[in-house]
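Asker: task: produce atomic coordinates for the following.
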Amino acid sequence: MKKEFIILFFLIIVSTSFYLLPNKENYNKENYKGVICLIIDDFGYSNNELSKEFLSMHPDFSIAIIPGLKYSNYISLFSDSLGFENIVHMPMEAKNQDSYRNNSYLLNSNLNEIEVESMINRAFLEIPTAIGMNNHQGSKATEDLQLMKYIARSLKKRDKFFLDSFTNPESRGFITMRRYGVKTELRQVFLDHVESKEHIQTQLDSLVSLSHIMDVAIGIGHVKQVTLDLLKKEIPKLKALGYKFAPLSAVVR
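Answerer: Numbers count the residues shown, from 1 in each chain. This next block holds a predicted model:
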């Protein structure tokens, strides 16, 4: 945990030097207490009431959709029609992963560049409104430099950005995308890896605090009821206090 904190702190410093938001009044930090970017992961499993409630909110967050699921394409088109930015939440191999080993979109170090290109191409065809990608899991995949080079080349060709979910402090995602000219950033806070109201509130408070010292603070949450309940209450409060919620496309550089 200490090692992850040190590496994350270093990458925050590096990424902050690239954080030049568009010169528009909407995202000028001087006009706000802080600028926050939220991404909600794991859409595509269902079109249930929980998903619908997230999408009934104001589009103050981007949504990440896993390809290869029953509702992946539908959620992509529907969310886009409501004004939400969406990205491909690409399955990537984890060190302790079992549930996604047979997923047809799973990126892993055994694949060659042609296979990686084919999977990424299919993912963007299935989620046609996606403007970028982040990794779903991927603690093993993102530390593989060659695999990340394949991904970077594919995204560069498509003019898509990459958000490093930073599931591994040894991730090569952020640095590799920079080297290949792919717009990129990395998340600073996971909101809900512990599913309790108190924990998520603490994590959101941390994200808010980071927005005071960074041009933008990036947080990731998931399609969970406890996350929805808290965000429905807290986002309007934060906006009333003078915080701005920026879309992911305005953050990556």
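Asker: give the buried residues for stretch 115-125.
Answerer: Of all the residues in stretch 115-125, those buried under the rule 16 or more other C-beta atoms under 10 Å are 116-117, 119-120, 123-124. The C-beta positions use only the backbone N, C-alpha and C, and glycine is treated the same way.
Asker: just give me the neighbour total for Lys183.
Answerer: Residues near Lys183, counting by other C-beta atoms under 10 Å, number 21.
Asker: who are the contact partners of it?
Answerer: 132, 161-162, 177, 252-253 (C-beta atoms under 8 Å, 6 or more residues apart in numbering).
Asker: between the residues you listed, which sits nearest Leu107?
Answerer: Lowest distance from Leu107 to these (C-beta to C-beta) belongs to Phe162, with 12.1 Å.
Asker: all helices of the protein, in order?
Answerer: Remark: helices assigned in the chain by DSSP state H are 2-16, 49-55, 72-81, 113-126, 145-158, 173-179, 197-213, 225-240.
Asker: comparing the ones you listed by mean pLDDT, which bottoms out?
Answerer: Across the helices of the chain, helix 2-16 has the smallest mean pLDDT, namely a mean of 47.
Asker: so Leu186 touches Phe166, yeah?
Answerer: Yes - applying C-beta atoms under 8 Å, one finds Leu186 in contact with Phe166, separated by 4.9 Å.
Asker: so which of the two has more stuff around it?
Answerer: When Leu186 and Phe166 are compared for neighbours, Phe166 comes out ahead with 26 against 21, by other C-beta under 10 Å.
Asker: next, give phi and psi for that one.
Answerer: phi 60, psi 60 (degrees, to the nearest 10).
Asker: could you report the neighbour count for the residue lying closest to Leu82 once chain neighbours are set aside?
Answerer: Sequence neighbours aside, Leu55 is the residue nearest to Leu82 in space, at 5.8 Å (criterion: C-beta to C-beta, 6 or more residues apart in numbering). Per other C-beta under 10 Å, the neighbour tally for Leu55 reads 19.
Asker: quick check: the closest residue to Met177 other than its chain neighbours vs Asp164, distance?
Answerer: In this structure, Met177 finds its nearest non-sequential neighbour in Thr184, 3.6 Å apart by C-beta to C-beta, 6+ apart. Distance from Thr184 to Asp164, counting by C-beta to C-beta, to the nearest Å: 7 Å.
Asker: what do the two both touch?
Answerer: Shared contacts of Thr184 and Asp164 (C-beta under 8 Å, 6+ apart): 173-174, 177.
Asker: emit the PyMOL select command for whichever of those residues are buried.
Answerer: Buried subset of the shared contacts of Thr184 and Asp164, written as a PyMOL selection, criterion 16+ other C-beta under 10 Å:
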select buried, resi 173+174+177
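Asker: Lys33: which of the shared contacts of Thr184 and Asp164 is nearest?
Answerer: Nearest to Lys33 among the shared contacts of Thr184 and Asp164 is Phe174, at 26.5 Å by C-beta to C-beta.
Asker: hang on, the closest one packs against Gln188?
Answerer: No - using C-beta under 8 Å, Phe174 is not in contact with Gln188, being 11.8 Å away.
Asker: beta partners for the residue nearest to Met177?
Answerer: Under DSSP bridges, the beta-bridge partners of Thr184 are Phe162.
Asker: how close does it sit to Thr176?
Answerer: 9 Å.
Asker: please apply the same query to Ser104.
Answerer: In terms of C-beta to C-beta, Ser104 sits 24 Å off from Thr176.
Asker: quick one, what contacts Tyr180?
Answerer: Under the criterion of C-beta under 8 Å, 6+ apart, the contact list for Tyr180 reads 149, 152-153, 156.
Asker: do the same with Asp192
Answerer: So Asp192 contacts 199-200, 203, 221-222, 224, 226-227 (C-beta under 8 Å, 6+ apart).
Asker: with distance to Met90 and neighbour count as added columns, please give the residues you listed in a markdown table.
Answerer: Output for the contacts of Asp192, formatted as a markdown table (distance: C-beta to C-beta, whole Å; neighbours: other C-beta atoms under 10 Å):
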| residue | distance to Met90 | neighbour count |
| --- | --- | --- |
| His199 | 26 | 14 |
| Ile200 | 25 | 23 |
| Gln203 | 24 | 21 |
| Gly221 | 18 | 26 |
| His222 | 16 | 18 |
| Lys224 | 20 | 18 |
| Val226 | 25 | 17 |
| Thr227 | 21 | 21 |
